[in-house]
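Trainee: can you look at this prediction? I've put the sequence above it.
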Amino acid sequence: MRKLTGLFLATLLCLLAANDARARAYSALVAEVESERVLYQEEPHELRHPASLTKMMTLYMVFDALSRGKIALNDQLWASRHCTSRPPSKLGLKVGESITVEQGILALVTQSANDAASAIAEGLAGSEEAFASIMTRKAHQLGMRNTVFRNASGLPDPQQVTTAWDMWRLGKALIKEFPQHYRYFSTRYFDFRGRSFDNHNHLMERYYGLDGIKTGFINSSGFNLVASARRDGHRLIGVVFGGPSARKRDDHMAELLDDGFAQLDGLPARQYLATLEAFSPAASVLRRPEETRSALLERYPAAEELLERRPRAANDTRKAQDWQIRLGEFPQEEAAELQLNKVRKYAPGTYRQARINIRSRRSGGRMLYTAYLSGMSRNAAEQTCQVLKRNGIVCALTPASG
């Protein structure tokens, strides 16, 4: 009876998915991992097509099998005709060729290779169809009750659906259950048979603290992203579905994560437009409209730029925000983080709006770490630097390209 009930629920979900999963519809969620405190949400329970976010579940199954000793990293996976027929992205495997389990992992987290995903599915379950059924059962055990998987890669299938909350739960499970394997998601590139594949998650290159986890795109879903970042002992997971482009999706995720960390520091939440298509930083406002301009400036030093924002042409916006504050160079990364924490104390408004970055370089056989706040107008950067200098913090204003 229990098996029949599960089959009925899965079938019902599939039928609902075919009717209700809206093409390119926006939904998003940001929550702290430990407390599960929600810091932003928009349609987090609505059905969406996961696209290559599906590979997070495929990798969960691989990590689970590794942890139980069912497979090893150097075990071989063989490419069938079905595997090689998968459309890009792919490694370009030929029938009969093999890859190791670890190569399969790296192929999924960097290139999001569909042929490697199918090889993993067949290697673990005999067929991709059987593997998808196992994925779905495991997902429901993890609390992902609105998720149905039909393949291991995320290639288009009208019945393959999930929600922002379900993907958030999967991200948390990967981090908490497999910390020894989660590191794979931060792999920047993968060398395979004379070719180098870069990680599709380019937000890791420019968002401080972000260490994974997966991008996704198909026409029916738009550009999707599950991302996790850790700062000051707090880890957030963000989920965005329905981006109109990879860059806009990434920018939106950065804004949402910034706002989430700011809320953890006691700052008020920001209010966003409900669709990513229309979202831009210029459309963001503080949630407390009853506060006067003078009260906001008193509570948030150097917040003048936020209050004065108006829509601009794209090129004008880029140039206006193309300034940064250099906060010093340090022999330890922890010292650079401490300097940024001082900025958060004395200029929380700017800390919230700016991009936080620590850049490293090697000099004389040792590493040096420089703390920056970037993505500001010159006026906002000058005001912030004045506030910091009054509080004994050395800073320098430079163009972002400098």
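Mentor: Nice, I can see it.

Trainee: make it CA atoms for all contacts and neighbour counts henceforth
Mentor: Fine.

Trainee: what is the burial count for the closest residue to V161 other than its chain neighbours?
Mentor: Spatial nearest neighbour of V161, excluding adjacent residues (C-alpha to C-alpha, 6 or more residues apart in numbering): H49 at 4.6 Å. For H49, the neighbour count with other C-alpha atoms under 10 Å is 36.

Trainee: tell me the spacing between H49 and L155.
Mentor: 10 Å (C-alpha to C-alpha, to the nearest Å).

Trainee: and for A246?
Mentor: A246 is 18 Å from L155, by C-alpha to C-alpha.

Trainee: distance of the residue nearest to A25 when sequence neighbours are not counted from R344?
Mentor: Nearest residue to A25 in three dimensions, chain neighbours excluded: G242, at 5.1 Å (C-alpha to C-alpha, 6+ apart). Distance, G242 to R344, by C-alpha to C-alpha: 32 Å.

Trainee: settle it for me: which of those two has more neighbours?
Mentor: Neighbours were counted for G242 and for R344 using other C-alpha under 10 Å; G242 has more, 30 against 16.

Trainee: element containing the more buried one?
Mentor: Element membership for G242, per DSSP states H and E: strand 234-243.

Trainee: list the contacts of the helix or strand following that strand.
Mentor: For strand 234-243, the following helix or strand on the C-terminal side (DSSP H and E) is helix 246-264. Identification of contacts with helix 246-264 by C-alpha atoms under 8 Å, 6 or more residues apart in numbering yields 30-31, 39-40, 203, 207, 223-225, 227, 229, 231, 236, 238-240, 242-243, 268-270, 276, 279-281, 352-353.

Trainee: and if we set it to 7 Å?
Mentor: 30, 39, 203, 207, 223, 238, 240, 243, 269-270, 352 (C-alpha atoms under 7 Å, 6 or more residues apart in numbering).

Trainee: do the same with stretch 215-225
Mentor: Under C-alpha under 7 Å, 6+ apart, the answer for stretch 215-225 is 23-25, 48-49, 51-53, 156, 200-201, 214, 226, 239-246, 249.

Trainee: got the buried residues for the host helix or strand of S118?
Mentor: Element membership for S118 (DSSP H and E) is helix 114-125. Across helix 114-125, burial judged by 16 or more other C-alpha atoms under 10 Å covers 114-124.

Trainee: kindly report the same for stretch 349-357.
Mentor: Neighbour-count burial for stretch 349-357 [16+ other C-alpha under 10 Å]: 349-357.

Trainee: and what of stretch 381-395?
Mentor: Across stretch 381-395, burial judged by 16+ other C-alpha under 10 Å covers 381-385, 387-388, 393, 395.

Trainee: re earlier: which one of the contacts of helix 246-264 sits closest to M367?
Mentor: Of all these, M367 sits closest to Y207, with 20.0 Å by C-alpha to C-alpha.

Trainee: number of residues surrounding M204?
Mentor: For M204, the count of nearby residues is 21 (other C-alpha under 10 Å).

Trainee: out of everything not next to it in sequence, what's closest to it?
Mentor: L210 is the one closest to M204 (C-alpha to C-alpha, 6+ apart), at 5.4 Å.

Trainee: show the buried residues in the contacts of stretch 215-225.
Mentor: Of the members of the contacts of stretch 215-225, the ones counted as buried by neighbours, 16+ other C-alpha under 10 Å, are 24-25, 48-49, 51-53, 156, 200-201, 214, 226, 239-244, 246, 249.

Trainee: you'd agree R378 is up against W323?
Mentor: Yes: R378 lies in contact with W323 (C-alpha atoms under 7 Å); the separation is 5.7 Å.

Trainee: do you know how far Y60 is from R230?
Mentor: Taking C-alpha to C-alpha as the measure, Y60 falls 21 Å from R230.

Trainee: comparing the two, which residue is more hemmed in?
Mentor: A side-by-side neighbour count of Y60 and R230, using other C-alpha under 10 Å, places Y60 first with 22 against 17.

Trainee: checking S89 next. Helix, strand or coil?
Mentor: Look at S89: counting by DSSP: H, G, I helix; E, B strand; the rest coil, its state is coil.

Trainee: contact partners for it?
Mentor: Applying C-alpha under 7 Å, 6+ apart, we find S89 in contact with 111-114.

Trainee: what's near enough to touch A400?
Mentor: Per C-alpha under 7 Å, 6+ apart, neighbours of A400: 322-324, 374.

Trainee: check V101 too.
Mentor: Per C-alpha under 7 Å, 6+ apart, neighbours of V101: 73-77.

Trainee: report pLDDT for it.
Mentor: Per-residue pLDDT puts V101 at 98.

Trainee: show me where the stretch 1-150 of the chain has its helices.
Mentor: Taking DSSP state H, counting those that start in this stretch, the helices of the stretch 1-150 of the chain run over residues 2-20, 54-67, 81-84, 101-109, 114-125, 128-141.

Trainee: circling back: quick one, which of the contacts of helix 246-264 has the minimum pLDDT?
Mentor: Among these, R352 has the lowest pLDDT, at 68.

Trainee: before we move on, back to that, now the helix holding S118 against helix 54-67, angle please.
Mentor: 40 degrees (axes from the mean of the first three to the mean of the last three C-alpha atoms, to 10 degrees).

Trainee: packing partners for helix 114-125?
Mentor: The contact analysis (3 or more C-alpha pairs under 7 Å, 6 or more residues apart in numbering; DSSP states H and E) places helix 114-125 against strand 76-78, helix 81-84, helix 101-109, helix 128-141.

Trainee: now it against helix 101-109, angle please.
Mentor: Orientation check (the same axes, to 10 degrees): helix 114-125 against helix 101-109 gives 130 degrees.

Trainee: so helix 114-125 versus helix 128-141, what angle?
Mentor: Using the same axes, to 10 degrees: helix 114-125 against helix 128-141 is 80 degrees.
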